[in-house]
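> What shape does this take:
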Amino acid sequence: MFTKGTKAYSILNNVCPRCQSSKFWPRNNPYTNIFVKNNGDLGSCKSCNLKFEIELGFWYGAMYVSYALSVSVFLIIWLALSLFFNSINVINEIIIISISLIIISPVVYFLSRLIWINIFISFNSKE
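As a prediction, this is how the structure comes out:
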């Protein structure tokens, strides 16, 4: 399931979706990628020369993936709070969920771009 050639392999291992041999993000840790000075430009793959920004505005679509991931995190945290802490009030739930989403936002950004490019680019073993 997570073998080379699958989209899950590319997303979970932070590799180029076409050749799956070089890194997509410069580092595997989403929190350290914040400090990479590239002005949001991921460039291209060092192995197959795939330009990551396929067209101008390509990454706007990743916002939809980011939204879906954030809603999923929200629902999981809300469900956990509702199940395990029955007496928690709504204000505390909102505070906990908001802080959690702020803390997890680099991971959501990291994954949303990986997922978005993997929707459009397929693995090519000949590269």
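
> hey, let's count contacts and neighbours off CA atoms from now on
Will do.

> May I have the distance across stretch 49-57, first residue to last?
In stretch 49-57, first residue to last residue: 19 Å (CA to CA, to the nearest Å).

> Can you tell me what sits against that stretch?
Applying CA atoms under 8 Å, 6 or more residues apart in numbering, the external contacts of stretch 49-57 come out as 18, 41-45, 59, 117.

> Next, the buried residues of stretch 17-28.
17-25 (16 or more other CA atoms under 10 Å).

> which one of the residues you listed is nearest I34?
W25 (10.6 Å; CA to CA).

> And the closest one, how far from N86?
From W25 across to N86, the span is 41 Å (CA to CA).

> Kindly report the same for L114.
37 Å.

> more crowded one of these two?
Regarding L114 and N86, a neighbour count based on other CA atoms under 10 Å identifies L114 as having more, with 25 against 9.

> so N14 sits right up against W25, yeah?
Yes: using CA atoms under 8 Å, N14 is in contact with W25, at 6.5 Å.

> Can you classify the most far-flung residue of the chain relative to its centre by secondary structure?
In terms of distance from the mean C-alpha position of the chain, S87 ranks first, at 33.6 Å (CA atoms, centre = their mean). Using DSSP: H, G, I helix; E, B strand; the rest coil, the structure places S87 in coil.

> Could you shift the numbering so residue one becomes 44, and keep it that way?
From this message on, residue numbering opens at 44, which makes the last subject S130.

> what's the spacing between it and L122?
Going from S130 to L122 by CA to CA gives 13 Å.

> State the helix or strand in which the residue nearest the centre of the chain lies.
Centroid-nearest residue in the chain, with CA atoms, centre = their mean: L154, separated by 0.8 Å. Assigned by DSSP states H and E, L154 belongs to helix 133-163.

> any chance of the contacts of stretch 92-100 in a markdown table, plus distance to T46?
Compiled in a markdown table, those are given as follows (distance: CA to CA, whole Å):
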| residue | distance to T46 |
| --- | --- |
| R61 | 14 |
| D84 | 28 |
| L85 | 24 |
| G86 | 25 |
| S87 | 23 |
| C88 | 20 |
| W102 | 26 |
| I160 | 18 |
